[in-house]
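Colleague: missing the sequence, but the structure's below:
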């Protein structure tokens, strides 16, 4: 069930996993991060960018914050530089954590209505469903990054959700 505790847990999981994957990717060259590895968004860097773009798009719908300056079709090239990307990713992870702390059960029972560029029309869905999609989208694409990093010889941390709050 999507409740405020779920939202907070998934926000912490998101930030933890992004830190892990970025640390593993730091050990690669820029060329290795941008190498076309046959993934949907081609590279490690492109997939990282797409996740960030998606997070910012959903945050704009959920909180009214500014939406990304590029379209979904350009999401893989959102940030060219690795340092610039990492700084923005950390900022957005904090924004997600801050937002998650403010989510209330009554708000989750409402409906979110937005214009979807992917669907080409206005869509409305229960907020709890949208939140599940938001976090599922991140997890799906981070799995792709984890696989690409592992194939490139990097060593990202575990991805098991039950470890999110475990001391390291």
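Modeller: Now that the structure is in, tell me what you want to look at. Because the structure is predicted, anything quoted here is derived from the model rather than measured.

Colleague: what does the longest helix belonging to the chain rub up against?
Modeller: In the chain, taking DSSP state H as the definition, the longest helix is helix 127-151. Residues from elsewhere that reach helix 127-151, judged by CB atoms under 8 Å, 6 or more residues apart in numbering: 1-2, 6-7, 10, 13-14, 17-18, 21, 24-25, 28, 37, 39-41, 43-44, 47-48, 50-51, 54-55, 58, 61-62, 103, 107-112, 125, 155-156, 159. All C-beta atoms are positioned from the backbone trio N, CA, C, and that covers glycine.

Colleague: In ChimeraX, how would I select just the buried ones from the residues you listed?
Modeller: This is the ChimeraX syntax for the buried subset of the contacts of helix 127-151, where burial follows 16 or more other CB atoms under 10 Å:
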select :2,6,7,10,13,14,17,18,21,24,25,28,37,39,41,43,44,47,48,50,51,54,55,58,61,62,103,108,112,156,159
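
Colleague: Cross the contacts of helix 127-151 against strands and list the overlap.
Modeller: Those of these mapping onto strands are 111, 112, 125, per DSSP state E.

Colleague: Now tabulate those residues in JSON lines and tack on pLDDT.
Modeller: JSON lines is the format used below for the ones in strands among the contacts of helix 127-151 (pLDDT from 0 to 100):
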{"residue": "111", "pLDDT": "97"}
{"residue": "112", "pLDDT": "97"}
{"residue": "125", "pLDDT": "97"}
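
Colleague: and residue 118, what is it in contact with?
Modeller: Residue 118 touches residue 72, counting by CB under 8 Å, 6+ apart.
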